[in-house]
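Novice: Show me how the following folds:
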Amino acid sequence: MTGVRWAYALNQWDTNIDAFVRRRDHERAFKTISISGFSGVELTAVSFGPWEPFGSPDEIAKLYGSLDGLREFLAECALEAVSSYVYDPFVGFEVEMGRGPDPLNPDSLEPIAATALWFADAVHRLGGATLVVRPVGSAWQTGELSDEQIGTLARLWTEVGRRIAGHEVRLALHVDFLSALRLGDSIDRLLTATDPEFVGLALDTAELAVAGINPVDFFRAHSDRVRHIQLKNARDTVDDVEALTPHAEQFVRTEGGTRRIGRWFFEPTDEGGLVDFEAFAEAVAESEYSGWIVVESDQSPHPAESAMVSGWYVQKVLRPIVEGTR
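Specialist: Numbers count the residues shown, from 1 in each chain. Below you'll find the model as predicted:
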């Protein structure tokens, strides 16, 4: 198996808007990721202005002078690239902490495409390959998607994927555990309606597991459309009834719902986890997947420890399976 590169997501370090804004903090995180065996880092697009120095290309330029300046800083920390950006179109970049356009509104195509191009250019210049997007809002906001809504999303994301392809960046749709796409057969309907040349999937093992979807089976069924992989573990599931709770992003995801779940996501090595990572790695090895695999643990109270433990697991267990050297 060739063509697979390993990265780590920065989000577990960046937990508060004023807690990760200094270059020395970034240096420690990047060097920890590097010594843990990863060659890239995944960033998240957010709109907190100077409190989120990696939230947009503009903020990167303010702290590092330019995207090239950040690339040089990464190299100094022995990292090769920013593998990917995660972009939620509901995040507004016109106004700090603002609200962005709704993908289900046909008039949103141009503003979403313009922002996607902004991040795709950054990904390309930082040595990465993928723009990971949240393709639609949460289940409680929409219910099961109609054919008309699927058509609107398909036109939007096919066009966005076509435009960012000019930057040699691939579009990957990310299905989170509260997504409207979890309802019924919406994932398959959207994939059928989109152009596979320009629209792929970002498979997040933990988000799927929490939604009650087996990520190994899902990968085997959709490996031809998977353009990006995010590895993390989960212990608990959320059924459709709970996902349809009003304001589920706050009540369920942030506050833990009626069960008061304290933490949704864990390292791949977590003993109580739902995901069979060795079986998943075997499925990847048997496929033609080529691209980044990003390890996450975005609620870890000990980010450096989580990165190192995850790095050991990747180097000693998962990577040999994926590369066929075990």
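Novice: C-alpha from now on. contacts and neighbour counts both.
Specialist: Fine.
Novice: where does this protein dip in pLDDT?
Specialist: 1-2, 15-18, 48, 94-98 (pLDDT under 70).
Novice: And the strands in it?
Specialist: Listed in chain order, the strands of the chain (DSSP state E) span 4-9, 40-44, 81-87, 91-92, 98-99, 130-133, 170-174, 200-204, 226-231, 233-234, 265-266, 291-295.
Novice: can you redo these as a markdown table with distance to residue 216?
Specialist: Converted to a markdown table, these look like this (distance: least, CA to CA, whole Å):
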| stretch | distance to residue 216 |
| --- | --- |
| strand 4-9 | 18 |
| strand 40-44 | 22 |
| strand 81-87 | 22 |
| strand 91-92 | 31 |
| strand 98-99 | 35 |
| strand 130-133 | 20 |
| strand 170-174 | 16 |
| strand 200-204 | 10 |
| strand 226-231 | 12 |
| strand 233-234 | 13 |
| strand 265-266 | 17 |
| strand 291-295 | 15 |
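Novice: Quick one, which of the ones you listed gets closest to residue 254.
Specialist: Of all those, it is strand 265-266 that lies closest to residue 254, at 11.8 Å by CA to CA.
Novice: who touches the closest one?
Specialist: Residues outside strand 265-266 that contact it (CA atoms under 8 Å, 6 or more residues apart in numbering): 206, 232, 233, 234, 235, 273, 296, 297, 298, 299, 300.
Novice: Strand partners (parallel or antiparallel) of it?
Specialist: Partner strands for strand 265-266, per DSSP bridges, with pairing direction: strand 233-234 (antiparallel).
Novice: burial count for residue 182?
Specialist: 24 (other CA atoms under 10 Å).
Novice: List the contacts of it.
Specialist: 139, 175, 211.
Novice: Pull the number of nearby residues for the residue nearest to residue 127 when sequence neighbours are not counted.
Specialist: Closest residue to residue 127 apart from its sequence neighbours, by CA to CA, 6 or more residues apart in numbering: residue 81 at 4.7 Å. Neighbouring residues of residue 81 were enumerated by other CA under 10 Å; the total is 23.
Novice: From residue 119, how far out is residue 81?
Specialist: Residue 81 is 14 Å from residue 119, where distance means CA to CA, to the nearest Å.
Novice: if we can go back for a sec, with respect to residue 56, which of the contacts of residue 182 is nearest?
Specialist: residue 175 (22.1 Å).
Novice: list the contacts for the closest one?
Specialist: Residue 175 touches 134, 135, 181, 182, 202, 203, 204, 207, 208, counting by CA under 8 Å, 6+ apart.
Novice: tell me the contacts of the residue nearest to residue 127?
Specialist: Here residue 81 is in contact with 39, 40, 41, 71, 74, 126, 127, 128 (CA under 8 Å, 6+ apart).
Novice: is the residue lying closest to the second one once chain neighbours are set aside in a bridge, and if so with what?
Specialist: Which is residue 40. Of all residues not flanking residue 40 in the chain, residue 7 sits nearest, at 4.2 Å (CA to CA, 6+ apart). In this entry, residue 7 is beta-bridged to residue 40, residue 294, by DSSP bridges.
Novice: For residue 7, the count of nearby residues, please.
Specialist: Residue 7: 26 neighbours (other CA under 10 Å).
Novice: thought it was touching residue 38?
Specialist: Yes. Under the criterion of CA atoms under 8 Å, residue 7 makes contact with residue 38 at 5.0 Å.
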